[in-house]
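Peer 1: The amino acid sequence is not available; the structure is as follows:
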């Protein structure tokens, strides 16, 4: 199951290690790209999966992912 998570300015700062001004600029840019693709956006937040994709960041592990990893390890 895919969970949609929206990153606010503080989350963008945490992920990118940038200033608040740069984080807001990034949110506006990515939301503009998403709008051009026909997606609805939320002002001041950005889809975290899209942010990670555009910046080449690894996907965040979820409890489901870690449970699957444990199962995979046990099967080997």
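Peer 2: Alright, I've got the coordinates. Here the structure is a predicted model, which is why all the values come from computation and not from measurement. Residues are numbered from 1 along each chain as shown.
Peer 1: Return the residues in contact with the most centrally placed residue in the chain.
Peer 2: Among the residues of the chain, the smallest C-alpha distance to the mean C-alpha position (C-alpha atoms, centre = their mean) belongs to residue 48, namely 1.8 Å. Contacts for residue 48 (C-beta atoms under 8 Å, 6 or more residues apart in numbering) come out as 5, 6, 7, 11, 15, 60. For glycine as for every other residue, the C-beta is placed from the backbone atoms N, C-alpha and C.
Peer 1: now stretch 14-28: mean pLDDT?
Peer 2: Averaged across stretch 14-28, pLDDT comes to 97.
Peer 1: what's the answer for stretch 31-45, then?
Peer 2: Model confidence over stretch 31-45, given as mean pLDDT, is 97.
Peer 1: And for stretch 54-65?
Peer 2: According to the model, stretch 54-65 has a mean pLDDT of 72.
Peer 1: Break down this protein into its strands, ranges please.
Peer 2: Assigned by DSSP state E, the strands in the chain fall at 6-7, 46-47.
Peer 1: and residue 24, which of these is closest to it?
Peer 2: Closest of the strands of the chain to residue 24 is strand 46-47, at 10.2 Å (criterion: C-beta to C-beta).
Peer 1: contact partners of that closest one?
Peer 2: With C-beta under 8 Å, 6+ apart as the contact definition, strand 46-47 has outside contacts at 4, 5, 6, 7, 12, 26, 27, 30, 31, 34, 39, 41.
Peer 1: related to what we said a few turns ago, any chance of the contacts of residue 48 in TSV, with distance to residue 54 and neighbour count too?
Peer 2: Conversion of those to TSV gives the following (distance: C-beta to C-beta, whole Å; neighbours: other C-beta atoms under 10 Å):
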residue	distance to residue 54	neighbour count
5	15	14
6	15	16
7	12	23
11	15	17
15	11	17
60	15	11
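Peer 1: quick one: which of the residues you listed is nearest residue 22?
Peer 2: Once C-beta to C-beta is applied, the member of the contacts of residue 48 that ends up nearest residue 22 is residue 15, at 11.7 Å.
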